[in-house]
Each structure stands twice: as structure tokens, then as C-alpha cells.
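[1] structure here, sequence nowhere to be found:
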């Protein structure tokens, strides 16, 4: 559920998204499915009684368990869960299947950042056809905003990733570092830590598109605006984008960022031995710390994300995603029934138990969830911090209708600024330029500001 | 030479060293030397049993793709290359241009169009989607073609024909033997190419039970970045070690046949 990138994937996504987008913009809709395209709760309930099979493409391990529980309740329905790849790998296959007009699953797990691309290319069913717009108030504003694009609802949110600062308390204590509440304090902490132990860094960052966009989001930037699904405005030098870049430049220029790519084995190693002291990341991180770095149990704590002004509470989403019904699905009513179960019904608890951070207000506000004391985090009630962050997410953010491609060229542009210890602002400008020219090639009208 | 050895052997050494470590030791110890109790056997057992032994399934898939794909590609290259070298027919120059052109186009660029074509034919997400494209090796064809020009002396063929052997008999009893070193070279190339094939199966297959090792191991590695996913780098590394063993064996076995000049001296210059 997180954004990563690699050269191989990048080529693949570039090829796949290019084809898919040009196709969709040529006003050619994906082949429609079978009989019932729409229906209310009764129609869904009736459909679930008949013998049927649906396929779900998802990489989150929880979906497997949710499917089993669902099949128990609906013995006539078989849910085939297929891990067709994590993130981009799956999007490539999805784009190809959409382009080919067959081969797509009934339901696919899609991250929020990638959702506009599939929704606006007319590949996903509009869930308002099943009356799912009534669920708006069940989800946090930011996650509902991520699936509500234009007039349609294109997925039900599954997990979410309100950001927080995870820090290694043992390391902070060892070097007498206070928990930073502003980015200025954060930079000061970075200097103090690195001076005390040249092997230790406040955090790692080798340039990651998902992290950068989340940080711009927190800083109040709105670099992407889309009107009428083809009219795109880009401004990666707006006030918020600059604010983030200027701040982060101070860490980059002074060699205060560990040169370790996220999700690598070295990264897990750094999180375990204290050489990476904090992570500003989505609320799903605790589960990954527990399974990936068990030896650091008891050392980590979580605090609100530092802000630009003291006393401020701004936060942003990082990662997370939902599940969408494909237009190609021949069994939309059954798919809708499963979707409902997975993200509205019993499935949410199974997902939470597997380490997913929910997007449903009821789960977030439940005493059980808020009162959970994490042994890994030294008994801290971590969800109090994380749920507050979900409420503090800056409203109004949106991603590009070709964000998957744009993120795939991040390392060629902003990544260069990282590699050369240059100015991130210049990297952002280069990223914008390359993104805009791709958008124009694909038939969008891109305005750069 | 020393630098070259380090460059080529260090990754193998790293792979072997780290296959002997548990997940915890992997992250806590120096990467280029052994540490802790030797967990190689445990890792191997865990690798082949994890997730209902899906690794074994992937291994079998890879073998299938390699045996049918690389073997078939070599055989087809032998037929085509020999034919082009030893027979004259109209349009031969055009074939030459097409083959050279095909060598120049990377497989990756053809993957998506191939996907769309296969999708029309209902072949995607089946083993055929991986095997059929692997059967075509323009480079192999070209190599056999040029090799056959010299390695199979036309005089020998004429002698065979004089003795009344048909073309098929000549090909299978005489020419194939003379072509053997070239065939082994092509086989090694196609073997490595199919064994390492990543992008094509990644695109074609969505069903994990048909994955080859490359795509499967990547899926294991990606688990570390999913919510609630197991971090199993030790299995990814051990799996990678097991994956390269057959390739090493194939090289050691095939290099015996990899000699040139088998036919030298068979005819008078």
C-alpha cells in the first residue's frame, strides 16, 4: 500500500499507462459487463444468493481472510483472491487488461494516488449506481475525498495513512534529543544527532514521490488540479511545494538524510539498530515495524508530524487505498456485495487486525481502537496520536489523472536533485515539465503555472 | 583480472553468505561475512514450504518455460538458420533484413503489443503466453545461420546427397552434429534469457500459480512493503540462491560441448 519505484517498473508503467490513457482519451470506453450494471441493496442481497464467482486482485494479506469470512456468510459465492502484484506491478496488468477489453478482475485494490488514473479513464464502475454514496459519512473526509472524484464514487476506502512522526526513543534518550514539534526543531535534532553519531541520521530519504507529495500536501500545497477530467493545472512551485522543498533542502544539503532507500533490507536494518531515528510516514507503519524490526520492540514511539508553525496541527495522508469494481466485471452486484462487506462491514475489523489503519470513522473513534496499548511502542496508546492525525489532514488535496506515470519519472527529475545534493525546487520544476509534456501527449490540456 | 573476479564473484559470495542467516541476523550482521548459527538448511526448508510450497511450483514453472521455450527456440533456430545458410530461395535477402531488424528490437518493447494480441487469442494468463514468445530467438537464428555457413561444408552435404540421403536425414544425422557447438551456444543464450525472463511473465500472468521464479521472488520481496505483510528477505535470498544453482549446473555441463572447429579437417581446403 505504499509508493515505491524502480527502474524496471518505471519503464513498464510508462509503456502501459501511455497505451491505456491514449486509448481512454480517444473516447473509447472499456467493454461493458453483463446484465445488471446497477442495483440497490435488495438487488445485491438477491445476487449474493445465486451461485457465482468473483475475482479480486489484491496484495493486502487481509483480503484473503476477508474473502474466507465472506464465503462463510454467502456460501453460494466464491471469491477468488489473486495477488497479481504489489502496487505498480498490478497497475500494469490492470491497464493492459483494460486496454485489451478482457482479463480484468471484478474488484481491484488501488491506492488513492492511482485511483484518478483508472477512474478518469472510464475503467471503474461508479459506485453511486449501487447507492454507495450514502456511506459518505462513514469514512474520514480525506479518504472519502480520495475516492469521490467528480460526481462519482470509484472505490470504497480500505486503509488510510494519516501521517505521524515515528521516532526511536532509545536513540533520542541516548543523545538527549527532545521530540521535535516543528520542522525547524526537526532540522536542529537532525544536526545534533548526526554530530553526536556520524553513522546516525534523523531519517532516510533518497527521493520518493509518495513521500514528497504527502509532504507538499501537509505544507498546504495543491500542485495538481483537474477540471472536466482532461483539463489539468500543474504548479509544483506553489507556496506549499516551495515551503516543503526549502525545508527539506536544509537536510539534503547538509548530508543529514541517510542515503538508504525505503523498504530495502538496509532500511529495515537502520530502523532496527537506531541509525535511522525517525520516520515521517503513514499510520500503517506500526504493523510493519512489528513484523520487520522485531528486535527494536520497546524503542519506538509515535508523535504528531512536525509542523511549519509552532502550535499548528496540519497533517496529510501517505499511502493507503481502496477497492474498486472494474467496468469489465460481469458480476457487478456480487462484487458490490463483497466490497460492502470488505470495507463497510465485518471486513474492516479483519483488516485492522492484520495491521491496516482504518478509514471508517466508527472504527477510528471506537474506545477499543483508541485505547489500544501497543507493546511494541512501550505501552503507548499510539492510535490516539494517529486518529488525531486523521482528523488534522489538510483538506482539498487531489492527485493527477496520470499520477502513476508521473511518480514513475520522479527519480529522473527530483531524484537527480537528491543524487547531486542540488535544489529540490529545481527538481520539482523538472518533474513538472516532464509530467506536463507527458500529459499533453496523452491528450490532456495541461497548464503549467 | 582481480577486479573482474571481485565484480563477478562478490555478488555470488554475498548471496551465499546471506543465505546462511536468519531474518534477524540478516539485518543485524555485517553483510559480507557469516554470523550466528548456520541457518542455510532451515532457510531452504522454509523457502520450499512457505505458502504451501509455492516456491516449488514456481521452480517447476520456470523449468517448463525453459525446457519448452529455450529448447524449442534452439531447435527452431537450428532449422531456420541451417535452411537459410544452405539453401537458396527468392526473398532470402528480405528474410535477412527482417531477422537483423528483429535482433535490434528489445523484447520489452514488444511485450505490450504481444499482450494485446495474445489477449485477443485468449492466451494471456496461460503458460503459452510465456512459452510462445520465448520460442522465437532472432539472435539464435542469426548465429546458427552464420555458423552453419562455415561449420557445415557444402561439399559434405553434396557428398551425402550423392550417397542418396534425403535432406531430413542429412540434417539430422550429419548437419546437427556439425552444428553442435553453435547449438550449445544458442541454447545457453536462450536458456539464460528464459530463466531470467521477468518482464514478459510479469505482464502476461496474473495468476501466481503460473509465475516463474523471477516474478515470484519479486512478489515475496514486495511483501515487505505491504500492510500486514511478512518480511521474508531471508527466504527471498535463499530462494535466489536456489534459483541460480540450475543455471550454474547447466553452464558446467554444457561447456564441454562448447568447442569450436569440430568440422575442421573434414574436407580438403
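    Received, thanks. Remember, it's a predicted structure, so these values are computed and weren't measured experimentally.
[2] got a list of contacts for stretch A:429-437?
    Contacting residues not belonging to stretch A:429-437 are listed as A:223, A:234-237, A:400, A:402, A:405-406, A:409-410, A:412-414, A:416-417, A:446, A:448 [CB atoms under 8 Å, 6 or more residues apart in numbering or on different chains]. Just so you know, the C-beta spots here come from the backbone N, C-alpha and C atoms, and that holds for glycine as well.
[3] what does chain B put close to chain A?
    Residues of chain B lying near chain A by CB under 8 Å from any CB of the partner chain: B:24, B:26-28, B:108-109, B:111-112, B:115-116, B:119-120, B:124-125, B:198-199, B:202-203, B:206-208, B:218-219, B:222-231, B:233.
[4] can you select the buried ones from the residues you listed in ChimeraX?
    Listed next is the ChimeraX selection for buried residues among the residues of chain B next to chain A, using 16 or more other CB atoms under 10 Å in any protein chain shown:
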select /B:26,27,28,111,112,115,119,124,125,198,199,202,203,206,208,218,219,222,223,224,225,226,227,228,229,231,233
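[5] residue of the stretch 51-200 of chain B with the smallest distance to chain A?
    residue B:119 (3.5 Å; CB to the nearest CB).
[6] phi and psi next, for that residue.
    phi -60, psi -40 (degrees, to the nearest 10).
[7] in contact with the residue lying closest to it once chain neighbours are set aside, which residues?
    Nearest in space to residue B:119, with sequence neighbours left out and distances taken as CB to CB, 6 or more residues apart in numbering or on different chains, is residue A:100 at 3.5 Å. Going by CB under 8 Å, 6+ apart, residue A:100 touches B:115, B:116, B:119, B:120, B:124.
[8] using the three-state scheme, assign residue A:108.
    Secondary structure, DSSP: H, G, I helix; E, B strand; the rest coil: residue A:108 is strand.
[9] so what's it closest to, chain neighbours aside?
    Spatial nearest neighbour of residue A:108, excluding adjacent residues (CB to CB, 6+ apart): residue A:57 at 4.5 Å.
[10] so which of the residues of chain B next to chain A sit within helices?
    Among the residues of chain B next to chain A, DSSP state H puts B:24, B:26-28, B:108-109, B:111-112, B:115-116, B:119-120, B:199, B:202-203, B:218-219, B:222, B:233 in helices.
[11] for the stretch 1-150 of chain A, give me the ranges with low pLDDT.
    Along the stretch 1-150 of chain A, the model assigns pLDDT under 70 to residues A:1-36.
[12] cool, chain B as well?
    B:258-269.
[13] which parts of it are helices?
    All helices of chain B, identified by DSSP H, fall at B:2-19, B:23-28, B:40-64, B:71-86, B:92-104, B:107-121, B:128-134, B:138-151, B:154-162, B:167-170, B:176-196, B:199-204, B:213-222, B:233-254.
[14] what packs against the shortest one?
    If contacts are counted by 3 or more CB pairs under 8 Å, 6 or more residues apart in numbering or on different chains; DSSP states H and E, helix B:167-170 sits against helix B:154-162.
[15] for the helix it packs on, packing partners?
    Where contact means 3+ CB pairs under 8 Å, 6+ apart, helix B:154-162 is packed against helix B:167-170.
[16] not counting its neighbours along the chain, what's nearest residue A:417?
    Nearest non-adjacent residue to residue A:417 (CB to CB, 6+ apart): residue A:427, at 3.2 Å.
[17] ramachandran coordinates for that neighbour?
    The phi/psi pair for residue A:427 (degrees, to the nearest 10) is phi -60, psi -40.
[18] one more: residue A:358?
    Torsion angles, degrees, to the nearest 10, at residue A:358: phi -70, psi 170.
[19] all strands of chain A, in order?
    Applying DSSP state E to chain A gives strands spanning A:52-57, A:77-82, A:107-111, A:148-149, A:152-153, A:156-168, A:203-204, A:224-227, A:231-234, A:257-258, A:278-282, A:300-303, A:317-325, A:445-448.
[20] any chance of those strands in JSON lines, with distance to residue B:102 too?
    Converted to JSON lines, the strands of chain A look like this (distance: least, CB to CB, whole Å):
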{"stretch": "strand A:52-57", "distance to residue B:102": "34"}
{"stretch": "strand A:77-82", "distance to residue B:102": "34"}
{"stretch": "strand A:107-111", "distance to residue B:102": "35"}
{"stretch": "strand A:148-149", "distance to residue B:102": "43"}
{"stretch": "strand A:152-153", "distance to residue B:102": "45"}
{"stretch": "strand A:156-168", "distance to residue B:102": "45"}
{"stretch": "strand A:203-204", "distance to residue B:102": "44"}
{"stretch": "strand A:224-227", "distance to residue B:102": "41"}
{"stretch": "strand A:231-234", "distance to residue B:102": "39"}
{"stretch": "strand A:257-258", "distance to residue B:102": "46"}
{"stretch": "strand A:278-282", "distance to residue B:102": "46"}
{"stretch": "strand A:300-303", "distance to residue B:102": "55"}
{"stretch": "strand A:317-325", "distance to residue B:102": "39"}
{"stretch": "strand A:445-448", "distance to residue B:102": "37"}
